[in-house]
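Chemist: when you get a sec, could you give me coordinates for this:
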Amino acid sequence: MTTTTSPTKPGPADVQAQLAAFGAFEKDGARRFPAWVTELRRTGIARFAALGFPTPRLEDWKYTNVAPISQLPFKPAVKPSLVALTATDVARFAFAGLGGSRLVFVNGHFTPKLSTISKLSRGVKLGSLAAAMDSDSDLVKQHLGRYASANDQAFRALNVAFFADGALIYVPKGVVVEEPVHLLFIGSADEDGTAAHPRNLIVAEAGSQIKVIESYVSVGSAAGFTNAVTEIAVGEGANVEHCKFQNERPDAFHIATIQSSLARDSRFTSHSISVGAQIARHDINTVMTGEGVECVLNGLYVASDSQLVDHHMIVDHAQPRCASHEFFHGILGGASRGVFNGKIFVRPGAQQTDAKQTNRNLLLTDDATVDTKPQLEIFADDVKCTHGATVGRLDEDAIFYLRSRGIAHNAARRMLTQAFASNILARIGIEPVRKQLDEFLQSRLGAEIRAVEG
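Modeler: As a prediction, the model looks like this:
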């Protein structure tokens, strides 16, 4: 799509606009960060300038056109927001009954007055990444940018260039964090194009355990853009459960990467629940750097109207005797679109790999569509790998059975759709999160069924 710009009015977020914004950022906000971060940023903006915004001509973006994002006026939120949010505002987005710490970020910046940090086990670090780049510079430098490569990914490169804050979670060797940690990201855009680039770093040392919830929501009156990157390093024998919930306003845009590195005998469980935004793209990549890893990746996406939700997955079996299992369900109504591209990559020498990938999609309307592409690339011969995908409507026989038991047609459809979603939600090991998401989905799916039934 071609766009024109006026010499006296800010144009769309093309490459030149990004470069100009980066120059202003370096002169102002970037000066407060260490020199090594400045070099990292310059590498990021250089890669973005070389790559530009992705287009459907690229295989990885074949089904997801980001032109609506590239045409936004680009207003990076490089400074803390002045928006006046209260504890009452935050409470709307909390999970009832969830103990532990809650770190709140507004447009990607840590907001201490809205956050609650519980008493931490000895040596645990939890707080602002920006602050940690001064107080724990060696720790951050050791891990930041090590796992999520921006070499061939434009949005990750853009995040490297413009991130100003995010969360740091560090769990020392052998420490068990009993209560979950909630990272709450609130986008507040009163002007179209307000762009937040949060950067999160989660490091669980050998033998440690932690559960993390990462949620994205919106306030404000305009279409904001979130471009988030989360890096997770799971040490030998460590156990991490990570749950992401994306529920930004329907005209928002959300691009994100979750990149995990899993050491020997570690356990990693990931849940991705995506229900908001006009365009939501989730890259979830896992690399098994040691033997004996067990990894489970679950996902549920629900879309309506003209929403587009895209999950791109790479599970890299780089070492032998590792297991990975992916289960993703999509529920699509209106004229929405779902995309699932999952690749299991088994490297030479990664013998005795056990990998399974399943993507199931439920279409509630004739206008909803799904593009699903499960992939296997196997370069070892002693493996057990399967993949599969289905796209279909609700089972009419099951609806008939429920109706024969006196259940109304729309109630039968709602029950079957909820059961389809609950198959994924039931895998979440954090009970207050699982319960509240189940209640939220019941309401959301009920509305979808009523819209279909008229």
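Chemist: drop to CA atoms for contacts and neighbour counts, all remaining ones
Modeler: Noted.
Chemist: start and end of stretch 129-147, how far apart?
Modeler: Start-to-end span of stretch 129-147 (C-alpha to C-alpha, to the nearest Å) is 16 Å.
Chemist: same check, this time on stretch 217-234
Modeler: In stretch 217-234, first residue to last residue: 27 Å (C-alpha to C-alpha).
Chemist: go on, stretch 329-336?
Modeler: 15 Å.
Chemist: from the chain's centroid, how far away is that stretch?
Modeler: Between the centre of stretch 329-336 and the centre of its chain there are 19 Å (C-alpha atoms, centre = their mean, to the nearest Å).
Chemist: same check on stretch 66-73?
Modeler: 20 Å.
Chemist: do stretch 168-182 as well
Modeler: The answer for stretch 168-182 is 20 Å, by C-alpha atoms, centre = their mean.
Chemist: hmm, who's touching that stretch?
Modeler: 98-103, 120-121, 123-129, 132, 200-215, 430 (C-alpha atoms under 8 Å, 6 or more residues apart in numbering).
Chemist: tell me which stretches of the stretch 351-454 of the chain form helices.
Modeler: 396-404, 409-425, 431-453 (DSSP state H, counting those that start in this stretch).
Chemist: helices or strands up against the last one?
Modeler: Using 3 or more C-alpha pairs under 8 Å, 6 or more residues apart in numbering; DSSP states H and E as the contact test, the elements touching helix 431-453 are helix 409-425.
Chemist: so what secondary structure elements neighbour the helix it packs on?
Modeler: With contacts defined as 3+ C-alpha pairs under 8 Å, 6+ apart, helix 409-425 has these neighbours: strand 294-303, strand 323-332, helix 396-404, helix 431-453.
Chemist: if you set the cut-off to 7 Å instead, what comes out?
Modeler: strand 294-303, helix 396-404, helix 431-453 (3 or more C-alpha pairs under 7 Å, 6 or more residues apart in numbering; DSSP states H and E).
Chemist: report the angle between the helix or strand following the first one and strand 294-303.
Modeler: What that stands for is strand 294-303. Per DSSP states H and E, the first helix or strand lying C-terminal to strand 294-303 is strand 308-317. Going by axes from the mean of the first three to the mean of the last three C-alpha atoms, to 10 degrees, strand 308-317 is angled at 170 degrees with respect to strand 294-303.
Chemist: average pLDDT across strand 308-317?
Modeler: Across strand 308-317, pLDDT averages out at 98.
Chemist: now the angle from that strand to strand 323-332?
Modeler: Using the same axes, to 10 degrees: strand 308-317 against strand 323-332 is 170 degrees.
Chemist: show me what strand 308-317 is in contact with.
Modeler: With contact meaning C-alpha atoms under 7 Å, 6 or more residues apart in numbering, strand 308-317 is reached by 278-288, 301, 336-347, 350.
Chemist: make a ChimeraX selection of the buried ones in those.
Modeler: Here is the ChimeraX command that selects the buried residues among the contacts of strand 308-317 (16 or more other C-alpha atoms under 10 Å):
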select :278,279,280,281,282,283,284,285,286,287,288,301,336,337,338,339,340,341,342,343,344,345,346,347,350
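Chemist: from the contacts of strand 308-317, which land in strands?
Modeler: 279-288, 301, 337-346 (DSSP state E).
Chemist: before we move on, back to that, confidence-wise, which of the helices of the stretch 351-454 of the chain is weakest overall?
Modeler: helix 396-404 (a mean of 85).
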